[in-house]
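# Below are the sequence and a predicted model; questions follow.
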Amino acid sequence: MSEKETDKIRFLGTAGARFVMITQFRSSAGAVLSLEGTNVLIDPGPGTLVRFASSKPKLKPAKLHAIILTHKHLDHSNDVNVMIEAMTEGGFKPRGVLLCPNDALANEGDAVVLNRYKGLLERVEVLKEGGTYSVGEIEINTPKRHVHGVETYGLNIKVRGENKTKVSFIVDTLYFDGLEDYYDGEVLVMNVAMFKRREGVDHLCVDDAKRIIEARRPKVAILTHFGMTMLRNKPWEIAKQLSDETGVEVIAARDGMKFELHGI
């Protein structure tokens, strides 16, 4: 990144589900994790390249070391090809790593990563349940396949050589018994799309988030990926209520928010 590189998560977008994405009430541009000098872009949905260019100070795709797709749904993957091109400076400097589920690459069905762009990368690694992957100074683990409409994995991320998980991302999933057991990050980022549970919708709601926070008790929990019902009910007020009820610091992410990981 062009600004001083410190350990942080930068939330370029906090939109969840299709209606917030297509209206752009919140940006759908994903997040950048910077840890020990390694920069990883997670889930580059629509508008990611625009957010890189319009950020102040400007973010530089060529500073990325990897792109991760947790799954291939449009709000998580739309800008993956253009970000690969930007990361490799128009393809003239092949570099970087792509981590994604197999169905994002499949030759049959709805692959989202185009064949041309696979060849611009240093390597492509397929995410799987229980997989561990190294990029620069960090180690990424995908402990459990989620319950979602396509192949989907959450992330545990630590500094290589350290035992403690620094950041966990619980991404899109229907809550299932034991979900919280797989994610032990000191900072726990959760995609909470719904205010209340809706049958047939494979996303977390506020009650699910509370259950996970109470069970895991991270140092900080960050809510993101908000659907319309979350926005109507004011995520910042929901976060405060969860903080009061659980005794854990809970933050509602905002577009452009930077969360510093120093001291965590």
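Structure's in. What do you need?
# where in the stretch 101-250 of the chain is pLDDT low?
The model of the stretch 101-250 of the chain has no residue with pLDDT under 70.
# Now do the helices in it.
115-118, 206-216, 228-232, 235-246 (DSSP state H, counting those that start in this stretch).
# Any buried residues in the longest one, and which?
For helix 235-246, the neighbour count (16 or more other Cβ atoms under 10 Å) marks 235, 238-239, 242, 246 as buried. The way it works is simple: take the backbone N, C-alpha and C, and place the C-beta from them, glycine included.
# Val167 bridge partners, please.
Ile157, Val187 (DSSP bridges).
# quick one: the residue positioned nearest the centre of the chain from Trp236, how far?
The residue lying closest to the centre of the chain (Cα atoms, centre = their mean) is Ile42, at 4.5 Å. Using Cβ to Cβ, to the nearest Å, one gets 22 Å for the distance from Ile42 to Trp236.
# re the thing from before, can I get the helices of the stretch 101-250 of the chain in a markdown table with distance to Leu35?
Below are the helices of the stretch 101-250 of the chain laid out as a markdown table (distance: least, Cβ to Cβ, whole Å):
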| stretch | distance to Leu35 |
| --- | --- |
| helix 115-118 | 25 |
| helix 206-216 | 20 |
| helix 228-232 | 27 |
| helix 235-246 | 24 |
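# So which of the ones you listed is nearest Ile22?
Among these, the nearest to Ile22 by Cβ to Cβ is helix 228-232 (11.0 Å).
# what's the spacing between the closest one and its chain's center?
Offset of helix 228-232 from its chain centre (Cα atoms, centre = their mean, to the nearest Å): 20 Å.
# Flag every buried residue along it.
Buried residues in helix 228-232 (16+ other Cβ under 10 Å): 228-231.
# same deal with stretch 129-139?
Buried-residue list, stretch 129-139, by 16+ other Cβ under 10 Å: 133, 135, 138-139.
# Secondary structure class of the residue lying farthest from the centre of the chain, three-state.
Using Cα atoms, centre = their mean, the residue of the chain lying farthest from its centre is Phe92. It sits 27.5 Å away. Assigned by DSSP: H, G, I helix; E, B strand; the rest coil, the conformation of Phe92 is coil.
# That one and Val248, how far apart?
Applying Cβ to Cβ to Phe92 and Val248 gives a distance of 47 Å.
# Ok, Ala104 next?
In terms of Cβ to Cβ, Ala104 sits 33 Å off from Val248.
# who has more neighbours, these two?
Taking other Cβ atoms under 10 Å, Ala104 and Val248 do not tie; Ala104 has more neighbours (26 against 17).
# Met194 versus the more buried one, what's the distance?
Distance from Ala104 to Met194, by Cβ to Cβ: 24 Å.
# again with Leu242
Leu242 is 15 Å from Met194, by Cβ to Cβ.
# Same check on Val82?
30 Å.
# from what I can see Glu129 touches Asn141, true?
No - contact criterion Cβ atoms under 8 Å: Glu129 and Asn141 do not qualify, at 10.4 Å.
# How about Trp236: what's its closest non-neighbour residue?
Ala252 (4.6 Å; Cβ to Cβ, 6 or more residues apart in numbering).
# Also His203?
His203's closest residue in space is Ala193 (Cβ to Cβ, 6+ apart), at 3.9 Å.
# residues in contact with that neighbour?
16-17, 172, 201, 203-205, 225-227, 230 (Cβ atoms under 8 Å, 6 or more residues apart in numbering).
# Distance from the chain centre to stretch 45-65, please.
The answer for stretch 45-65 is 15 Å, by Cα atoms, centre = their mean.
# The closest residue to Tyr175 other than its chain neighbours: neighbouring residues, count only.
Spatial nearest neighbour of Tyr175, excluding adjacent residues (Cβ to Cβ, 6+ apart): Asp208 at 4.2 Å. For Asp208, the count of nearby residues is 21 (other Cβ under 10 Å).
# Contacts only, for Arg95.
Here Arg95 is in contact with 87-88, 121-122 (criterion: Cβ under 8 Å, 6+ apart).
# now do 6 Å
88, 122 (Cβ atoms under 6 Å, 6 or more residues apart in numbering).
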